[in-house]
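Colleague: give me coordinates for this.
(one chain, ligands or ions: 1)
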Amino acid sequence: MVSLTDLFLVSLLVPTSLGSALPPRIDTIDQRGGRVTLKQVRNPRGHKAFNPARATYRTFLKYGVPAPDYIKKAVAHIDEEQEEAFARIKRDTGSAAAIPINEVDIAYVTPVTIGTPPQTLMLDLDTGSSDLWVFSSLTPSNQVRGQEIYSPTKSSTSKLLSGHTWSIRYGDGSGSRGTVYTDNFTIGGLEVKSQAVQAALEVSSSFTQEQSLDGLVGLGFSALNTVRPSSQLTFFDNARPNLDEEVFTADLKYHATGSYDFGFIDSKKYAGNITYTAVQQSPGYWTHSLSGYSVGSGAFHASQISGISDTGTTLLYLPTAIVTAYYRQVQGAQNSQYYGGYVFPCSSTLPTFTFGIEGARFTIPASYINYTRISPTSTTCYGGLQSSSGLGINIFGDVALKAAFVVFSGTNPPRIGFAIK
Ligand SMILES: Cc1noc(C)c1CN(C)Cc1cc2n(n1)CCN(c1cc(N)ncn1)C2
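Modeller: Residues are numbered from 1 along each chain as shown. You can find the predicted model right below:
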């Protein structure tokens, strides 16, 4: 079996008469009647590498002096070491801000660029869905109220994905639908060429009213993507092969700008260790379990609570039994049909809420759960912890996620990690 090294060394045994005429590429050479075809390939990462021993070797060729054996071996040694080094080289990563769109952190948006020249939009990175859709030049003007739009006709790199459509409905009944382009798409310096960008032909009124949100970037599993006849890959699934690590992280903050990182875990953004737990990726959410909970300084109740970590959902939705146990500790709290959830006097003192991930514990400050006044002049406040009954699923939304540094790991099998910060 001819080894790569043999092939390589053969490539050095070019007859000296060809020495100076040697073309920059060694494609085919005669060797005692046999024919060997060697394709030189650019270093896979596209990096040019100078091999000093090869330069010396060529000098021997140039002056018609047979190169000593050790030079030939040195060329191979340096090539191998350079190849190993490039294999370790830092590849793609990205880092971008997660900016609350209002004073109660109803959602977080991140600047992205689409197309050539780049068009900047502010999108909601949403681990609870898998469609990347944007307000566009195709969205009826009466449905656009202050949002930035993507105009595919103004991008020299946009391509219509002809015959493809999409339509999505979110948990709160909001939704949108439209057609599909591919274009260059960048978040925080991380570029995906030919990302499927779903251009809205129609959006529901709640999106029209949200002038600071120009669309969403689904970071759920691609199985949830609604594009038909062929579903499309998420930004993360497209970027993954080039990422230094197959991860993205969410560092959402209370009433402040946080960040999303892609391809690396920034040790400056958390303290202690990251505790990982298994993710069930079917049907396509980041589904995992909490190991239990405690209210205030009360005892920890160990119990497996399955749910989805969802950056696109504002609040924390847990089983009714847990939620009633929490609000039992809040003076004047009640589950209001009228307000559609647990409310309490804004002057009430709220306990913290702690959730477990495996053996680790994460405490949500009371301020996160005192979510918002019912109205600017009301003395009644709405809770950031609500019952999941009726949703059919527990949702670990922003109220919980902003209490931790969260690692969404696209490894096989996928897993999710939490660290304090
Ligand atoms: C509600 C809401 N949430 O964030 C914002 C902004 C709003 C305000 N609303 C007027 C507009 C709106 C509604 C939604 N969004 N924006 C964002 C995506 N939504 C999700 C995502 C997901 N993973 N799960 C459930 N819904 C629903």
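Colleague: contact partners for the closest residue in space to residue 218 that isn't next to it in sequence?
Modeller: Nearest residue to residue 218, sequence neighbours excluded (C-beta to C-beta, 6 or more residues apart in numbering): residue 130, at 3.8 Å. No exception for glycine: its C-beta is placed from N, CA and C like everyone else's. When contacts are counted by C-beta atoms under 8 Å, 6 or more residues apart in numbering, residue 130 touches 218-226, 234, 284.
Colleague: one more time with 6 Å
Modeller: 218, 220, 222, 224-225, 234 (C-beta atoms under 6 Å, 6 or more residues apart in numbering).
Colleague: now do residue 278
Modeller: By C-beta under 6 Å, 6+ apart, the neighbours of residue 278 are residue 415.
Colleague: try residue 231
Modeller: residue 225.
Colleague: which SS class is residue 83?
Modeller: When classified by DSSP: H, G, I helix; E, B strand; the rest coil, residue 83 comes out as helix.
Colleague: burial measure for it, as a count.
Modeller: Neighbour count for residue 83, taken as other C-beta atoms under 10 Å: 13.
Colleague: and if you look at residue 242?
Modeller: Quick note: residue 242 (other C-beta under 10 Å) scores 14 neighbours.
Colleague: just the pLDDT at the residue lying closest to it once chain neighbours are set aside, thanks.
Modeller: In space, and not counting its chain neighbours, residue 242 is closest to residue 92: 4.1 Å by C-beta to C-beta, 6+ apart. With respect to pLDDT, residue 92 scores 95.
Colleague: so what's residue 92 up against?
Modeller: Per C-beta under 6 Å, 6+ apart, neighbours of residue 92: 190, 242-243, 263.
Colleague: now do the SS call for the residue in the stretch 301-421 of the chain that the ligand sits nearest to.
Modeller: In the stretch 301-421 of the chain, the residue that lies nearest the ligand is residue 312 (2.8 Å; C-beta to the nearest ligand atom). State at residue 312, reduced to three classes by three-state DSSP: coil.
Colleague: my guess is it contacts residue 128. True?
Modeller: Yes - between residue 312 and residue 128 a contact is recorded at 4.5 Å, counting by C-beta atoms under 6 Å.
Colleague: the helix or strand where residue 163 lies vs the ligand: in contact?
Modeller: Using DSSP states H and E, residue 163 sits in strand 159-169. No - using C-beta under 6 Å from any ligand atom, no contact is recorded between strand 159-169 and the ligand, whose separation bottoms out at 9.0 Å.
Colleague: got the contact list for that strand?
Modeller: 131, 175, 177, 179-182, 198, 226-227.
Colleague: for the chain, just list every one of the helices.
Modeller: Here the chain has its helices, by DSSP state H, at 4-12, 52-62, 69-88, 205-208, 235-239, 320-327, 366-369, 398-401.
Colleague: among the ones you listed, which is the most enclosed?
Modeller: Counting by mean count of other C-beta atoms under 10 Å, helix 398-401 has the highest mean neighbour count of the helices of the chain, with a mean of 26.
Colleague: tell me if it is near the ligand.
Modeller: No - Helix 398-401 is not in contact with the ligand by C-beta under 6 Å from any ligand atom; minimum separation 8.8 Å.
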